[in-house]
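Asker: sequence first, predicted model second:
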Amino acid sequence: MTFYILRRLILMMVTLLLIITATFFLVHSLPGTPLKNEEKLPPEIRDQILHEYGLDQPLYVQYFRFMGGLFKADLGKSLMYDGRDISQMLKERFFASAFIGFQGILIGLIIGGGLGILSALYQGRWIDNFATSTSVLGVSIPSFVLAGLLSFWVGVKWGILPPALWGSYAHTIMPSLSLSVAVIAQFSRYVRTELVEVLNQDYIKTARAKGLSKAAVIWRHGLRNALIPAVTVLGPLTVNILTGSLVVEKIFGVPGMGALFVDSIINNDYTAVLGTTIFYSLLIMISVLLIDILYGWIDPRIRVAGRRGE
Amino acid sequence: MTPLLTVNNLHVSFHSYQGEIQAVRGIHFAVKPGETLAIVGESGCGKSVTAQTIMRLLPSTAKIVQGEIRYEQQDLTQLTEVKMESIRGSQIAMIFQDPMTSLNPTMTIGQQLMEGLRKHLHLNKRLAKKRAEELLSLVGISNPHLRLKQYPHQLSGGMRQRVMIAIALAGDPKLLIADEPTTALDVTIQAQIMELLKSIQEKMGMALLLITHDLGIVAEVADRVMVMYAGKIVEHGTVDELFQHTKHPYTWGLLRSLPQLKQSREESLVAIPGSPPDLLHPPKACPYVNRCLQAMVICDQTPPELTACSSTHQVACWLEHPMASKEHENRAGGDE
Amino acid sequence: MEKESFQPIQRNFLSYQRLERKQVGFWQDAWYRFRSNKGALLGAIFIICIMFFAFFGSSFSQYDYYSQNLLEVDQGDSAQHYFGTDSLGRDLWARTWYGAKISLLIAFLAVALDVLIGVTFGGISGYFGGRVDDTMQRVIEILYSIPNLIVIILMLMWLEPGIIPIAVALSITGWVPMARIVRAQVLKLKSQEFVLAARSLGASHRRIFIRHLLPNTVGPIIISVSFSIPSAIFFEAFLSFIGLGLRPPQASLGVLVNEGYRYLQLYPHQLLWPALLISLIMLGFNLMGDGLRDALDPKMKR
Amino acid sequence: MNKKRLLSVLAFVLICALLLASCGFEGNAIKPAGGDNRTFVLAESAEPPNLDVSKSTDEVSSRILNNTMEGLLRQDRNGRPQPAIAAQLPQVSKDKRTYTFTLRNARWSDGKPVRAQDFVFSWLRTLNAKTKSEYAFILFPIQNAEEYNAGKVSASQVGVKALDDSHLQVKLKFPTPYFMELCSFTTFMPQREDIVNQYGSEYALEANRLIFNGPFTLSNWEHEASFTLKKNSFYWDQRKVRLDRVEGKIIKDVASTVNLYSANRLDFTEINPEFAAIFEGKSDRTVIKEMASWYIEMNQTKAFFKNLNIRKSINYGIDKRSLTKRVLKNDSVPAGGLMPTHMKGDEKHKFRELSPDTVLYDPAKAKQLYAAGLKELGLKRQPDRLEIVGDDADSSKKQMEYIKEQLRKNLGLQVEVTAIPFKQRLQRGKRQQFDLLISGWNADYNDPMTFSDLFLSGGSYNRGKWSNPTYDQLVRKSMTNPNDQERLADLMKAEKILIQDAAIVPLYYRSRLGIKKPFVKGIYWISTGSSYVLKETYLDWKK
């Protein structure tokens, strides 16, 4: 197991290095400079400022300098928000994104899991149809349309929740809800398929033959086995939440990572783009790794096999 | 002796996108306490469905169209789910074909064994554990204490089937249904498992309903045999009657396809040509007519009734009709 | 009862061989299954209708997607303009169907690229196995952990706007799942008898791959495609929302939704039609995908 | 399975939701977002990158600085510079090259006096190349400023000097008629040396790493979320300040901003024209006049656009009135020239009043000119794949779509629309990678020169590479001409040449739209339109 994790960590490092390198050269090849007043700056002064930033040096020099900083855990300073520490910015922004994202996933998992279980248990009945339709509709409505409608409908027409902005817990509900819809849709489909498959397994019959009640069978034998593989969708779901958050954060004015990323690309803020990319990649890789470890931990088949392989 | 279980005129159908599949089409039989009844037939003949119907473990696409299953004065087809749960495991238990998939991969052997014990015997955890160890010893598993903590995938196939038997025995049932208990196992293990079943049956005095397609096992273990074909019983009798005085051409065909030790090299195994009828549109007449070498005109017109040849032997075949030619009786000797 | 009834039936030996049950081939069976799945059928009908209108819808109206009439802006539905007009007085019927066409084109193109790269990559990786597979798997693992959104946005900043750049950007990471599926399938198949037989008969790698392996991976590929198309459409819409993508007045459904979203409070119909259409396309493909999976994936057979 | 029915029900629900969403907002009685008349809540669409006087270039930080800081002079409601930290307007020497300011007894928000040295420090800091200021060039009219910035002379040689704590003397390179306008610009505001040194690289990055001398102080700054201004009790003119608090909410999506406004959670915000129709005819609607000119540059390094008739035909072939009225819908003014309507002319008149422009649009003439142009060029038809390049903002895309359609309809000229991100557009312009380029220029100060010098031959903003010696001569002369009268006449003449020679196709003088609650009074914008002034703003709301 330790060997496995070590191997994965090494691969992660290699991956990260490749991502950073690719992103570095990609952002530096974007047209224009990171200067904010680029339109009005006379060319001589522009060149002089670029020189002060060290942006006039050959790319490979800049690359090695950046990598050097990285080894000292220094992501550098933002060019767009000049002087601000990228790591500091990421720290500040991450909280908001993580909060609505985590809450969104949680809502999605609970509702989606519930719907999936219900529709698997009542296959072909109205609740199944309802859940299936909801999930299909859920994946069919673009999140920005949904977020927009929520903001207008719940925020303005009903006036229950603030239509946008950040500050109190109430502000987090609608962004999380908007994000959760896709999770609900995907997770309920997944749980349904998985649970239907598990419920068709022989060991479910064995359990039933023991005289256990339906509820006990589903709870002890069905759900457990259905939810173990469901852990694997958490990875893609996290990625999805990231994608969704870009738009949702913009619509609800959440001071999160998504906004930072889009802005930094548009403004050619090389260090910020690299910082967010590294952060996103790490986030995804670590969550995938954690999920794999978690999966191995909760599934005895893999757990024991892993031990044997040691 | 009053029968433990009586099945009367049982019809079971499945729904599929193509229509209704009539898997079991009116069968009658009875199981007496302590005896071993074997049901044999090709796959798809309805024998497993019959077993599952008795346990009321049919998939949701299946339904009991008519008939009754009487167990100790109760009609199992009419019982509520809760009542049925108290019968499963404690009165009637079942073991399944594939020990590889019949055990929950994410629970330890102990957990799975103790579930039944706690449900039916209302044992506390400590007692349940003790009993579980006893059961494992009973089915011939050494080191039961250690095994309880293991997961199914850490055991061999034979071991798993032993565990399955132990699980089935947990509630001290009066009837054990074994659905092809040895099919998925190695030949050497098969014999061990059958021996185990037999010895436990004697020890605990329970009835055994053995479902198999292996006539060899039947000959060794069963008291009586029932041959099913296309959802119907075609022949029913004691082991001796069936093996020595085979009446139905299908039973005969099954026997001929069985390899025998005394068989000489020149004699090849004879498979029954053709395949069973489509139960979506079951034939009105004898279902075996298209594969039967002795088929007569009437066989394709009117279904044969199950008629008694002796007090224990019944067969559903027009050849038994007095008007049929008796040539075929010679072949029972097997030296055609 | 008559004596004749008990005469043996006269028949030749061949009739014994007659198979009682009608034998259905894999594809025929799949088609049965698919046809009996009402949701899937509904999905397919949606898609066919939408594709029909996307490619021929403009001929039902005298307007084209680009002509502006500033005297007829922001109109509601009428006999002239079935879906009304937009803020530049362009006919929304024409624009919506044109948008659907562009969205579908982008999705088809992106998915075609996915399939092309995915099948080649996954096929080679699975077929040759060993070192080759190991190396190629690492590549896939690496690509898998790159946040695709970042790559796509960066690529689009880098490329010119247009249909092909979007499709290319979408398929840069999009082919990875396809490669995984194909590889798994090929791995499973290559050890099966018919492949071993072909190989022992001296068939070339290419022949084995194209004639024996590929046809058997078609099922999973089709399923995957039916889910990739809506996600490509979705992604394109998403990109339009952040303002990246096409060359106006070219419009995809995403562009139209984005435009309509701004007029939501006053002219909801400008959002309604493209949003509805996008939802219907997704719905159609998802329903059809579910149906195809049930029909083609033997694991799901019940 | 009744999946079908269910789906149709759900689709119906979706439609209903959309339809219902369209209804108006009855039921929300208007009231201040802050709850009372003491707090003003507004929205900004971006996070200010920093609030460093030397480095600030964007509008949001300029707005915060304009309300928390004060320079020597401050623009009044009519755009005229009025004494602020300076006790009165400066004394100007005969040669119009030396300005002497007398400072009033003003204080910083920590109670320390605002001294002439604070201005000297601030300006020199901006000019220091190490500061990397992107607006240093605005100080270049000062003697030796440009040289110091380029590292050619030392700081002491720059023409700004504190005579004592309350007297500041500025020497200019040339007579600069708009120097007083500049003095209200954010880059000309003072900074405190001790504060700058105390925080070093962290200076101006957080609310508590700054010091203020304006009507408000920045009391709180949640990055990407909000900022709060509080009344500055040390402000010299604090009797006029009527608001206790100003809350700025940072939110990027305009639709959400409008939602917040409708839900009484904002008192003021800017909006995009798409949302203007919602407030059509309502008192909420506010027009913010920018001093900005938008035009099309034509790539005259290509033979096709080198031809005068072709260039003219494009001008005649685009209906600018429809563009502003029906496409932009933001009260922008259709343009016939370069100088925006409220650009200063002489002391009494606007530039446009003295030299009115004519908005050209004549499809018939356009066709004629176009045909003539083709003939002169010996072409049967237009070159293939002509590109019109512009920003990828929604309104910019729409503009380009409109222009494309106009050219197709009126000239039969086919162009492709290339909407690209701002930075990319700049690069394309710089490298002449376009045929038609939508460009705009926002005035830095209220003087025609801010526009005129754009089109000098070889100038870096002259992306179409138009060149006219007479124009060059007129503009260059005006740069140093102390004779205001003659200078203005020259610049007017230059503008005429620019249009006659079809250097550009003028489109419009831009305005922006805002919405503000009817009870918001006394708010005004500085002449370039980039910032509001909240000094005298008050809320007049009664239950």
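Answerer: Here it is on my side, so go on.
Asker: what parts of the stretch 1-150 of chain A come near chain B?
Answerer: residue A:123 (Cβ under 8 Å from any Cβ of the partner chain). Just so you know, the C-beta spots here come from the backbone N, C-alpha and C atoms, and that holds for glycine as well.
Asker: please enumerate the helices of the stretch 1-150 of chain A.
Answerer: Taking DSSP state H, counting those that start in this stretch, the helices of the stretch 1-150 of chain A run over residues A:2-28, A:43-53, A:59-71, A:86-121, A:126-140, A:143-150.
Asker: of those, which stretch is the most buried?
Answerer: helix A:143-150 (a mean of 24; mean count of other Cβ atoms under 10 Å in any protein chain shown).
Asker: okay, angle between it and helix A:126-140 too, please.
Answerer: 110 degrees (axes from the mean of the first three to the mean of the last three Cα atoms, to 10 degrees).
Asker: now for helix A:143-150, which elements pack on it?
Answerer: Under the contact criterion of 3 or more Cβ pairs under 8 Å, 6 or more residues apart in numbering or on different chains; DSSP states H and E, helix A:143-150 touches helix A:170-199, helix A:234-252, helix C:214-241, helix C:253-262, helix D:3-21.
Asker: list of residues touching stretch A:282-289?
Answerer: With Cβ atoms under 8 Å, 6 or more residues apart in numbering or on different chains as the contact definition, stretch A:282-289 has outside contacts at A:5, A:8-9, A:12, A:15-16, A:234-235, A:238-239, A:242, C:144-147.
Asker: change it to 7 Å
Answerer: Applying Cβ atoms under 7 Å, 6 or more residues apart in numbering or on different chains, the contact partners of stretch A:282-289 are A:8, A:12, A:15, A:16, A:235, A:238, A:239, C:145, C:147.
Asker: now the residues you listed in CSV, with pLDDT and distance to residue C:78?
Answerer: What follows is the contacts of stretch A:282-289, written out as CSV (pLDDT from 0 to 100; distance: Cβ to Cβ, whole Å):
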residue, pLDDT, distance to residue C:78
A:8, 84, 62
A:12, 86, 59
A:15, 86, 56
A:16, 89, 57
A:235, 77, 49
A:238, 80, 47
A:239, 75, 44
C:145, 73, 52
C:147, 76, 45
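Asker: chain neighbours aside, what residue packs nearest to the closest residue to chain A within the stretch 401-543 of chain D?
Answerer: Nearest residue of the stretch 401-543 of chain D to chain A: residue D:423, at 3.2 Å (Cβ to the nearest Cβ). What sits nearest to residue D:423 in space, not counting adjacent residues and going by Cβ to Cβ, 6 or more residues apart in numbering or on different chains, is residue A:32, at 3.2 Å.
Asker: ok, now which ones touch that neighbour?
Answerer: By Cβ under 7 Å, 6+ apart, the contact list for residue A:32 reads A:38, A:268, D:423, D:424, D:426, D:427.
Asker: again, but for residue D:63
Answerer: Applying Cβ under 7 Å, 6+ apart, the residues contacting residue D:63 are D:531, D:532.
Asker: mind pulling up the pLDDT for it?
Answerer: The model reports residue D:63 with a pLDDT of 95.
Asker: what strand or helix carries the residue of the stretch 401-543 of chain D closest to chain A?
Answerer: Element membership of residue D:423 [criterion: DSSP states H and E] is helix D:422-430.
Asker: circling back: could I get the contacting residues of the residue of the stretch 401-543 of chain D closest to chain A?
Answerer: Contacts of residue D:423 by Cβ under 7 Å, 6+ apart are A:31, A:32, A:268.
Asker: mind checking how far the residue of the stretch 101-250 of chain A found nearest chain C is from chain B?
Answerer: Taking Cβ to the nearest Cβ, chain C has its nearest neighbour within the stretch 101-250 of chain A at residue A:140, 3.6 Å off. Residue A:140 is 26 Å from chain B, where distance means Cβ to the nearest Cβ, to the nearest Å.
Asker: residue 212: what secondary structure?
Answerer: I'll assume chain A. coil (DSSP: H, G, I helix; E, B strand; the rest coil).
Asker: need the contact list for it.
Answerer: B:115, B:119.
Asker: can you do 10 Å?
Answerer: A:204, A:206, A:218-221, B:85, B:88-89, B:115-116, B:118-119 (Cβ atoms under 10 Å, 6 or more residues apart in numbering or on different chains).
Asker: mind putting those in a markdown table, secondary structure and distance to chain D included?
Answerer: Listed next are these as a markdown table, based on DSSP: H, G, I helix; E, B strand; the rest coil; distance: Cβ to the nearest Cβ, whole Å:
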| residue | secondary structure | distance to chain D |
| --- | --- | --- |
| A:204 | helix | 24 |
| A:206 | helix | 31 |
| A:218 | helix | 23 |
| A:219 | helix | 28 |
| A:220 | helix | 30 |
| A:221 | helix | 28 |
| B:85 | helix | 30 |
| B:88 | strand | 31 |
| B:89 | coil | 35 |
| B:115 | helix | 35 |
| B:116 | helix | 37 |
| B:118 | helix | 40 |
| B:119 | helix | 36 |
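Asker: any of those buried? List them.
Answerer: Burial by neighbour count, 16 or more other Cβ atoms under 10 Å in any protein chain shown: within the contacts of residue A:212 this picks out A:204, A:206, A:218, A:220, A:221, B:85, B:88, B:89, B:115, B:116, B:118, B:119.
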